[in-house]
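*Asks:* Quick check, what structure comes out for this input:
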Amino acid sequence: MRQDREPGIPEKKGQMPLLRKQAAVQAKICCSQDKGQIDTMFEASIKTKEKFETIKKLFSTEDKELKRSSYKITKLKDGSVQFDIKADDIAALRATLNSITQILSVYKKMEDFAEND
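*Replies:* Okay, the predicted model is just below:
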């Protein structure tokens, strides 16, 4: 393992740097062969320690089934919340991840703003 590389830069092509300490993001490619064709699906998950009820309300108006991707929100035993995202292609996965993280970011900024007043 090389020690002279910069922190956050992947050592090998295809590795992802650590994005955030509080949010765990995992992506994998699932391939299944069906009648001679390879069906590729991309999956990712985001875990947050925000309250489930709050997250449920935040995302209640959002479409969970999109044209090329979908996601579901799950309450974990430790009280944290997990988003499981599935997409047909990497661009749809990235767009869905961006949408989710944007909503979470706005919520966190508003929460911080309310606490400072």
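
*Asks:* CA only for contacts and neighbour counts going forward, please
*Replies:* Noted.

*Asks:* And the strands in this structure?
*Replies:* Ranges of strands in the chain, per DSSP state E, are 26-34, 37-48, 69-75, 81-87.

*Asks:* So which other helices or strands are in contact with the top helix by length along the chain?
*Replies:* Within the chain, and with DSSP state H defining each element, the longest helix by residue count is helix 90-116. Counting contacts by 3 or more Cα pairs under 8 Å, 6 or more residues apart in numbering; DSSP states H and E, helix 90-116 is packed against strand 37-48, strand 69-75, strand 81-87.

*Asks:* okay, the angle between that helix and strand 81-87?
*Replies:* Put simply, helix 90-116 runs at 160 degrees to strand 81-87, going by axes from the mean of the first three to the mean of the last three Cα atoms, to 10 degrees.

*Asks:* how many degrees apart are helix 90-116 and strand 69-75 in direction?
*Replies:* Using the same axes, to 10 degrees: helix 90-116 against strand 69-75 is 40 degrees.

*Asks:* and helix 90-116, average pLDDT?
*Replies:* The average of the pLDDT scores along helix 90-116 is 91.

*Asks:* List the buried residues of that helix.
*Replies:* Ile90, Ala92, Leu93, Arg94, Thr96, Leu97, Ile100, Leu104 (16 or more other Cα atoms under 10 Å).
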